[in-house]
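Just the structure for this:
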Amino acid sequence: MVDFLPYAAVAGGTLLFSGGVRRVGELIAEGGWNRILADTVERDNKKDNKQVLSALKSQQGQLEQKEKQIQSREQELSEIRGEKQELKKRLSDFERITHSLKRENLARERLIERYWQPLHAVILCFAEQTHDGEESDKWLRDLLKERYNLHNLTGFTTIIPPAEVPSKLKGKNNSREKLKDWIEEDLYGQYANAKSTICFAGVIDLRNVYSRTDLENEERTPLFSTIDEELELEEIFSEEDFSKLLASDGVNLSKAIEQGDIPFLASKAISSDELDRVHDHQDEIESSLGNPNLRTIAEEVDVSSLSEALSPYVESPEDVASSIKEEAKIWKRELY
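Next comes the predicted model:
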């Protein structure tokens, strides 16, 4: 068997092989030349194929890395959405009061309807933000969040709550021109060469705004909210005005708390749905505890008794019972 490799061309039409010198004609006659060419082409093909396969493998590795990054970001976004939904289940201080007292006139819609002057809010839709010649999708959003506690309703639609609306945009003399001046001076004026697309901006009166959703929480996209869901009562009413609204409905918070109102004392530690259940069974719960007042709950009723009374209505009765006990002690110090 002829050893074809390695070889080198020499004068006189001969090839030098590791096994000796052979003439080209002999090799052609024996078919060896074709094998040499085939082997050379095969080696070149292998080299090119390996290069392509190596590149594909590298690309696949990059793709897998990007997929992992995307999955990581999606996981972070999912956690953020979950946290947002969980926070929405908890009630603000004003919400705790209205929800625990559970009177028709204290429902959010009725409080807004009964308010005696406009509840101005600014609604904006904007995108494509740049400043100082560099692209940025944050400058306007960040500025509005920092200064005016901006809330997102959808990806691009936002709202500034009444409590944060600049005074220059309130009152009977508010106008398109005042809104334009505020945007140009107070927003654009903070950055050099600031640019964005403001699809619309307007001052609205919440008393004339309607929102609704017919979907259950699990059916909804967490990135979309109604105005009623997004704004807390503290962002709509001042403390003084909220007190007036309660008083106009004959509510005396001190007396309600002194009487040992279980829904109110529990409201800090439970979700809105749980608060509804506790309120619906308030008489049964308080009766099983001996109808204690605030002082009695703070000093005498133990956590185990509270937990047992609450267990049919809340998911974590021991935690809620501990919270009620702590709240009772706090309000005892405040009110006595």
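
What distance do you get for residue 255 to residue 261?
9 Å (CB to CB, to the nearest Å). Glycine gets a C-beta too; all of them are placed from N, C-alpha and C.

Now the common contact residues for those two.
With contacts defined as CB atoms under 8 Å, 6 or more residues apart in numbering, no residue is shared by residue 255 and residue 261.

Same drill for these two, tell me which one is more crowded.
Each of residue 255 and residue 261 has its neighbours counted (other CB atoms under 10 Å); residue 261 has more, 22 against 10.

hang on, that one packs against residue 99?
No - with contact defined as CB atoms under 8 Å, residue 261 does not count as touching residue 99 (11.8 Å).

where are the low-confidence patches of the chain?
Along the chain, the model assigns pLDDT under 70 to residues 1-64, 66, 70-91, 101-106, 133-137, 173-174.

got the domain boundaries for it?
Under automatic domain parsing, the residue ranges defining each domain of the chain are 116-236, 247-335.

quick one: which of those is nearest residue 65?
domain 116-236 (24.1 Å; CB to CB).

end to end, how far does that closest one reach?
13 Å (CA to CA, to the nearest Å).

Same question for stretch 112-125.
24 Å.

tell me which residues of that stretch are tucked away?
Judged by neighbour count using 16 or more other CB atoms under 10 Å, the buried positions of stretch 112-125 are 112, 115, 118-125.

Name the surrounding residues that touch it.
105, 144, 148, 156-162, 165, 169-170, 174, 179, 198-207, 209, 227, 231, 236-237, 241, 245, 248.

Among these, which are located in strands?
Secondary structure assignment by DSSP state E places 157-160, 198-205 of the contacts of stretch 112-125 in strands.

any idea how far residue 131 is from residue 155?
21 Å.

can you check residue 257 too?
50 Å.

possible to save the domains of the chain as TSV with distance to residue 69?
Shown next, in TSV, are the domains of the chain (distance: least, CB to CB, whole Å):
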stretch	distance to residue 69
domain 116-236	19
domain 247-335	34
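
Please list the outside residues in contact with stretch 254-269.
Contacts of stretch 254-269 (CB under 8 Å, 6+ apart): 91, 96-97, 99-102, 275, 278-279, 282, 285-286, 289, 291-294, 296-297, 310, 314, 319-320, 323-324, 327-328, 331, 335.

Only the buried subset of the residues you listed, as a ChimeraX command please.
Paste this into ChimeraX to select the buried members of the contacts of stretch 254-269, with burial taken from 16+ other CB under 10 Å:
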select :91,96,97,99,100,101,275,278,279,282,285,286,289,292,294,297,310,314,320,323,324,327,328,331
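
now the strands for the protein?
Using DSSP E, strands in the chain cover 7-10, 14-17, 20-23, 120-131, 134-135, 151-152, 157-160, 195-205.

Count the residues that sit near residue 139.
20.

My guess is it contacts residue 194. True?
Yes - assessed by CB under 8 Å, residue 139 is found in contact with residue 194 at 6.7 Å.

list the residues that contact both of the two?
By CB under 8 Å, 6+ apart, the residues touching both residue 139 and residue 194 are 129-131.

Of those, which is the nearest to residue 304?
Nearest to residue 304 among these, with distances taken as CB to CB, is residue 129, at 56.1 Å.

Of residue 155 and residue 131, give the one with the bigger neighbour count.
residue 131 (19 against 10).

What sits closest to residue 195 if chain neighbours are left out?
The shortest distance from residue 195 to any non-neighbouring residue, by CB to CB, 6 or more residues apart in numbering, is to residue 130 (4.7 Å).

residue contacts, that neighbour?
Contacts of residue 130 by CB under 8 Å, 6+ apart are 136, 139, 193-196.

Can you select the buried ones from those residues in ChimeraX?
Buried members of those, defined by 16+ other CB under 10 Å, are picked up in ChimeraX with:
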select :136,139,194,195,196
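
now the contacts of residue 130 as TSV including distance to residue 222?
Listed next are the contacts of residue 130 as TSV, based on distance: CB to CB, whole Å:
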residue	distance to residue 222
136	25
139	25
193	35
194	30
195	30
196	25
